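**Q** structure for this input, please:
(chains A, B and C)
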Amino acid sequence: MSFADHLPLLVLLVPLLGGVLSVFTGGGRVPWLWACSVTLLTFLGALELFSIVTTAGTRTYALGDWPAPWGIELVVDTLSAIVITLVSGIATVVTFFARRNVEKDIPADRLNFFYSLWLLAITGLLGITATGDAFNLYVLLEISSLTIYALVAMGKETDRRALPAAINYLVMGSIGASFLLIGVGYLYMATGTLNMADLHETLTLMREAEGGFNRTVLTSFAFITVGLGLKMALFPLHTWMPNAYTYAPAAVSALLAATATKVGIYMAFRFTFTVFGSDFGFLQPPNSTVLMACACGAVLFGSYVAIRQRSLARLLAYSSVAQIGYIVLGLSVLQTDAVTGSILHIVNHALMKGGLFLVVGVVAWRLGSSDLSALGGLGRRMPLTSAAFVVGGLGLIGVPGTAGFVSKWYLLSGLLSSGHWPLAVTVLIGSVLAGIYVWRVVEIIYFRPPDPRHAEVSEGPVTMLLPVWILIGLSLWFGVHSAGPVALAGEAARTLLGQGG
Amino acid sequence: MELTLPTIALLTPLFGAILIALTGRRPDLREGVTLLTAVGLFLIIASMWGPVAGGERPSAHLVELMGPGLTLALEVEPLGLIYALVASFLWIFNSVYSIGYMRTLYGARSEGQTRYYICFAAAIFAALGIAFSANLLTLFLFYEVLTFSTYPLVTHARNEAAFRSGRIYLGILVSTSTLFLLTATIWTWVLTGTLDFTEGGILAGKASAGTMVALTCLFFFGTGKTALMPFHLWLPNAMVAPTPVSALLHAVAVVKAGVFTVLKIAVAILGLETMRQTGAGDVVAWFAAFTIIVASLLAMSQDNLKARLAYSTIGQLSYIVLAAAIATKSSITGGAMHIAMHAFGKITLFFCAGAIYATAHKTKISELGGIGRRMPITMLCFLVGALSTIGLPPFGGAWSKWFLVQGTIEAHDIAFLVVLLVSSLLNIAYLLPIPLVAFFGREPQAAADGEEHPPAEHGEAPLLCRIPIIVTAIGCLLLFFWPRFLHDLAALAAN
Amino acid sequence: MELLGTYNYWVYVVIMMIGFYAVIARHNLVKKVIGLGIFQTGIFLLYISMGVVRGGSAPVRGPGTPPDTLFANPLPHVLILTAIVVSLSTMAVALAIIVNIQRRYGTIEADEIHRMDREEAEAPAPSPVSAGAEEVAG
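**A** Residues are numbered from 1 along each chain as shown, chains lettered A, B, ... in the order given. Reported below is the predicted structural model:
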């Protein structure tokens, strides 16, 4: 086997070992440098893997040379390759950004542990995306979740409310994961296998033999859907998220918002399409109506509550609730364009929201707070940071020329061509509401008089602005040059929906 | 990206904006760059007139936005050329005027003037993008760019009133375009699989009569920049902007972008033939007729000069919306001509209003008594602009109204004919009293408390303000005697 | 007697629900976590009973084992060992956070903490809007 054949494993192994070794990196800037190099290495591997998958097709890797379905298999198809590249790329940028925020939020003698958890969380997220085994997915999910609970709780140094937020997240997250575990158990009971591809085959055979699914499979589907709904913060199971994002250290919020929720949605895609299959009876009405209703509720409720927030981080968190609604909406209608839109939005929203949370990081580092009341007059004193917020915000609204527009275009054309008018209207109303919550902040930044407490604030340092503008700039780039991403997402969507490819 | 004439024209103001940003610290240089860019731009666009009138369609493919069929592409056709010519020509004189106006009122180095000139250039860039767009997606993109690039201009004063108006401005324009225009665009894409502007429209045979009516409503109301009632409130609110902004953007570039969009969509997406057969424009036509009458009545009740002009604009824009909704050849010709005619007339009126404000610091019509004796040239030009807007010969506005009336007759719609005639009378009623009062009225004396209206000692407007006023007023006159080139382009657009 | 024949599943459901109830209904964070533990223990039972093969022996294969011996399915047992480890780690993280909460808040009652947070949020700038927003955020 050549080096390239081992890439699916290496992408996981590098951050895993890096995370463990990070404990021994001592203090000062060494842990941060270590984390930066590890994520960068991972990202380079992911890029290589991405180019292999897009040219040569799906890669599989049998762990320990145990052939699937007995051994655990890593499967990297187009969708996984997209998400792996996204997660590792954003992780690299955010890690590079994180130093100042982390030095401010975390005691100096725990930096090595912080970055250890940080890398392990990334390992878990990458693992979820790469694995082809349902139970392995649960384990990796718990690796990422447990480290993220701890990372959120580390916000306690600046705000003790991080602790209740973390325990709340932990309880809800563990219930979600347990539901997933139950669902996987039932699936195993019904089929006797845990390999995703094998599961799909067995389930298809069963359905053809029995003319439908038995109750075990149905129960499994229900548990998995609810469990993943909790994990990806789908309305009305989102309640853990705003507090966790608000009180976690700023760098952690950025990482979570850009990657963790996206991986949650990735799992939903995997289970819905790869395991159960798009022709699976439940995603037809009236069952899909439940999912659609949740998604619409997410869009409307998340946007509306975002309008009323007093803290920028919290506003963005509720905006994430709404944006997750868009993605699930695309998933729920099972139409190629809509699913393409969803996949695009996973990437585009990760870039935009990651960039915006980095803006929050800069603001929090400079002002010591992300309350909207502290942002008055920021447009003059931190022009580049403010401009980044405006551009990212325009992306959330979906103004043409930004990446948000492209994903919304596909989502809407999918919804309209499959005749889901009410859903399309919901998406449009959501954009208008997004306009309101974004513009409320823009008005404060540019029109409100400066807060006297922060009169001396100046622009953030280059090492913080660079990562912000990398993400925001990419979201603009993909807004104009989106033919490539669209083609790729379209291919991934067709593969998921089983239409060739 | 292909570097053909349309692309060069499009990039010129963008390049200018960058130069303005770089020279921001030296006001004279900065404004020199603005003027140079404007003149250069006009020359580039004018050079396309010959080929386009001869049947050529200079085009350029910019970037493949989302894959096949969803690209950013430019194509110059007669209707867009009219709009681009008008906007770029008036930009030259509006820049001259801006320099005079802003320096008189705020001084050359006041804060935010660099931003002002940058945003202006960006707005012209967006307007050109709209004018030259080869498909609906390109048009929609530049339409939104125009909205956002003019927002800093509307809120230039940065006070409470400015940002409240800015909120209404963005609120109405963005929500109508998102809710209706985007929906209609995607719906069209789903129905036809193309968004390219095509002669005769792309919806023929692809949409039922009901769908056509719905689409037409979505398109027309979605183009909030037409200020069609009930989505007109942003226009009076945008009047908090400095007068040059109101003049070029809210009498020419922005609002004309709206009516240009509806004309273009009627001609090249919905298709005139299809529209007439399905009666798709009927609902919109009635809304437009209603807007024409009500806006004129509202204009009469305004005492603030700029507000009266704004309501007058709302009414005049609806002429063009009505023309697009009726969808006959003459009406489209008239609508296209009215883009230019109304632009010259209305920008003259706004220039005068700004000159009065900059010189005499008066904004209310009731205060204007006798001002014509102090500022004879300004008020004479105001009279010219008013007569052209009303549509009386020997001024340009007469021609476009002629074709509009002819269009209603072709469509056998006497009701709309009556509306046009009644509104002309109303135009006279709200526009002519202003110069009359100015020339023959009494100058307001110091009020009883001695403080309220001290008669300021002032003469004519500053030279840099006067020149553009005279030029545009003469333009109104010339367009009556030489309407040929404009009419030919407009007729080409309607065919 | 199908219902009784599947009694092991009944037991698992009952245990799970007891745990779930504790998570939802208890305000004391430690009790919540205990509930979470019980909930997860229920799932362990599900997996273990899944692997049972009637008449099968422990899946240990020595040199003298006859080739046709019936074994219990070992895979679910292996899986659940992993899950037990995960559950244990969850417990550890949860308790560590609770210890910190006790230090910083002086209580581990969820409603007390919620009240303190709300008072803190309202203290600098009392605003009914934000209080309502907190309510929604739960």
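**Q** what residue is smack in the middle of chain A?
**A** Nearest to the mean C-alpha position of chain A, by CA atoms, centre = their mean, lies A:K262 at 2.0 Å.
**Q** next up, the contacts around A:L394.
**A** Contacts for A:L394 (CB atoms under 8 Å, 6 or more residues apart in numbering or on different chains) come out as A:G401, A:T402, A:G404, A:V438, B:F148. To be clear about C-beta, it is placed using only N, CA and C from the backbone, and glycine gets the same treatment.
**Q** so A:G330 makes contact with A:H345?
**A** Yes. Contact criterion CB atoms under 8 Å: A:G330 and A:H345 qualify, at 7.0 Å.
**Q** looking at the two, which one has more neighbours?
**A** A:G330 (31 against 28; other CB atoms under 10 Å in any protein chain shown).
**Q** quick revisit: could you dump the contacts of A:L394 to CSV with pLDDT?
**A** As requested, the contacts of A:L394 are exported to CSV (pLDDT from 0 to 100):
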residue, pLDDT
A:G401, 84
A:T402, 88
A:G404, 89
A:V438, 91
B:F148, 89
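**Q** farthest-apart pair in those, please.
**A** The distance between the two most remote of the contacts of A:L394 (CB to CB) is 15.1 Å, for A:G401 and A:V438.
**Q** which helices and strands does the helix or strand hosting C:G35 pack with?
**A** Using DSSP states H and E, the element containing C:G35 is helix C:29-50. Under the contact criterion of 3 or more CB pairs under 8 Å, 6 or more residues apart in numbering or on different chains; DSSP states H and E, helix C:29-50 touches helix A:162-191, helix C:7-25, helix C:74-105.
**Q** how far does the helix or strand following the last one sit from its chain's centre?
**A** Right, helix C:74-105. For helix C:74-105, the following helix or strand on the C-terminal side (DSSP H and E) is helix C:110-122. Distance, stretch centre to chain centre, for helix C:110-122: 26 Å (CA atoms, centre = their mean, to the nearest Å).
**Q** got the CA positions of helix C:110-122 in CSV?
**A** C-alpha atoms of helix C:110-122 as CSV (Å, rounded to 0.1, in the frame of the first residue of the first chain):
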residue,chain,number,x,y,z
ALA,C,110,-30.1,23.9,38.8
ASP,C,111,-33.0,26.3,39.6
GLU,C,112,-30.9,28.2,42.1
ILE,C,113,-28.2,28.6,39.5
HIS,C,114,-30.7,29.8,37.0
ARG,C,115,-32.0,32.3,39.4
MET,C,116,-28.6,33.7,40.2
ASP,C,117,-27.7,34.0,36.6
ARG,C,118,-30.8,35.8,35.8
GLU,C,119,-30.3,38.2,38.7
GLU,C,120,-26.8,38.8,37.5
ALA,C,121,-28.0,39.5,34.0
GLU,C,122,-30.6,41.9,35.1
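**Q** and it with chain A, contact?
**A** Yes. Judged by CB under 8 Å from any CB of the partner chain, helix C:110-122 comes into contact with chain A through C:A110, C:I113, C:H114, C:D117, C:E120.
**Q** want to throw these into JSON lines with neighbour count?
**A** As requested, these are exported to JSON lines (neighbours: other CB atoms under 10 Å in any protein chain shown):
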{"residue": "C:A110", "neighbour count": "19"}
{"residue": "C:I113", "neighbour count": "23"}
{"residue": "C:H114", "neighbour count": "15"}
{"residue": "C:D117", "neighbour count": "19"}
{"residue": "C:E120", "neighbour count": "12"}
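**Q** list just the nearest of these to B:T333.
**A** Lowest distance from B:T333 to the residues of helix C:110-122 next to chain A (CB to CB) belongs to C:D117, with 68.3 Å.
**Q** thank you kindly, that will do.
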